[in-house]
Structures are given as C-alpha cells and as structure tokens.
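> this one's sequence-less:
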C-alpha cells in the first residue's frame with residue numbers, strides 16, 4: 001500500500017473552472033518477482049483533487065502494469081527503474097451529474113526500497129504518466145452521453161510505501 005501525492009499537468013489558462021493540480025491518494029501495488037532483478041507489478045490507485053467550485057469533486061483513477069529492473073537486488077538499498085502502460089480516468093462529480101474522461105497511456109519512473117529486515121521495507125517511488133484520453137462520458141441522472149475524444153494529458157505521482165515481502 002502506497003500513499004501518493006499526485007500532480008495533474010493540465011492547461012487551464014482559458015477555463016473558468018479549475019482543478020487544483022496537487023492532490024493525494026493511495027495505490028495498491030501487487031507484484032511478482034521472476035528473478036532477483038526483474039519483476040512485474042500491477043498498480044491500482046486513485047487520488048482526490050480540490051476544484052475552484054466546492055460543489056464539484058475531482059478524482060483520478062488508474063490501473064497500470066509495470067516491469068521493474070532492480071540494480072542491487074541483494075542489498076538493503078535497492079534502486080530500480082520501471083516502465084509500463086495503463087488505463088486512466090479523470091472523474092468530475094457534482095450532484096447527479098458525472099463526467100468521466102478516460103484513455104490509455106504509458107508510464108515510467110523509478111525509485112528505491114530500503115529493507116530494514118528481510119521482509120519489511122520503506123519505499124519511495126516517482127512515476128510520470130503520459131495519457132491519450134479517447135473517451136468522454138457525461139451522465140445526468142438517468143441520461144448518459146458518450147463521445148470520442150482526442151486529448152493528451154499527463155500526471156505524476158510521488159509515493160511513499162511501507163512494504164512486506166512474502
């Protein structure tokens with residue numbers, strides 16, 4: 001389980017409605033180590049962001065798959081690089097109206113884990129996400145309108161984790 005601070009990189013210069021770039025949330029990381037240096041990881045996470053209108057809630061959600069390369073797998077300090085892909089959504093909610101903008105993208109980053117014992121560790125992780133939003137869905141009460149979209153986006157996460165290794 002990782003506590004994450006997120007930064008949305010959006011161009012809001014011509015907008016009357018603003019989403020605060022900095023937010024916070026959690027991520028659940030589940031991984032499988034194939035050998036001492038390579039592992040696959042599934043990440044499910046989300047974050048909350050304040051808006052210029054207190055009646056509107058903004059959240060992000062992501063499901064990602066990463067490949068990790070570890071540089072010092074047998075040491076207490078274990079730096080790594082990672083890369084992968086994922087599905088992303090930006091959700092805006094106000095009363096009975098919901099707007100969901102979603103798409104796929106690539107992610108890359110790195111970090112380290114420091115093992116205090118063979119099982120327990122502290123980790124720091126920085127990830128950049130490049131997203132191609134391709135769908136927007138607006139729901140008003142029982143009506144739903146869905147449209148194709150072509151928009152680029154990005155966000156970054158800085159996570160701190162306390163880990164237990166099986």
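Thanks, I have the structure now. Computed from a predicted model, the values in this text were never measured in an experiment. Numbering: from 1, shown residues only.

> now the strands for this protein?
In the chain, the strands defined using DSSP state E lie at 2-9, 19-33, 38-51, 57-70, 77-94, 97-115, 120-140, 143-164.

> Quick one: those as CSV, columns for mean neighbour count and mean pLDDT too.
Where C-beta positions appear, they are placed from N, C-alpha and C, glycine not excepted. What follows is the strands of the chain, written out as CSV (neighbours: other Cβ atoms under 10 Å; pLDDT from 0 to 100):
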stretch, mean neighbour count, mean pLDDT
strand 2-9, 18, 82
strand 19-33, 15, 88
strand 38-51, 18, 93
strand 57-70, 18, 94
strand 77-94, 18, 94
strand 97-115, 17, 94
strand 120-140, 17, 93
strand 143-164, 14, 88
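
> shouldn't residue 113 be in contact with residue 121?
Yes. The pair residue 113 and residue 121 qualifies as a contact (Cβ atoms under 8 Å) at a distance of 4.5 Å.

> shared neighbours of those two, anything?
161, 163 (Cβ atoms under 8 Å, 6 or more residues apart in numbering).

> Can you tell me what sits against stretch 100-111?
Outside stretch 100-111, the residues touching it (Cβ under 8 Å, 6+ apart) are 64, 66, 79-92, 123-137, 139, 149, 151, 153, 159.

> cutoff 7 Å now
With Cβ atoms under 7 Å, 6 or more residues apart in numbering as the contact definition, stretch 100-111 has outside contacts at 64, 66, 79-91, 123-137, 149.

> Tell me who's in contact with residue 39.
For residue 39, the set of contacting residues under the criterion of Cβ under 7 Å, 6+ apart consists of 31, 32, 33, 68.

> 8 Å instead?
Applying Cβ under 8 Å, 6+ apart, one finds that residue 39 lies in contact with 31, 32, 33, 67, 68, 70.

> The residue nearest to the second one when sequence neighbours are not counted bridge partners, please.
In space, and not counting its chain neighbours, residue 32 is closest to residue 40: 5.4 Å by Cβ to Cβ, 6 or more residues apart in numbering. Using DSSP bridges, the beta-bridge partners of residue 40 come out as residue 32, residue 67.
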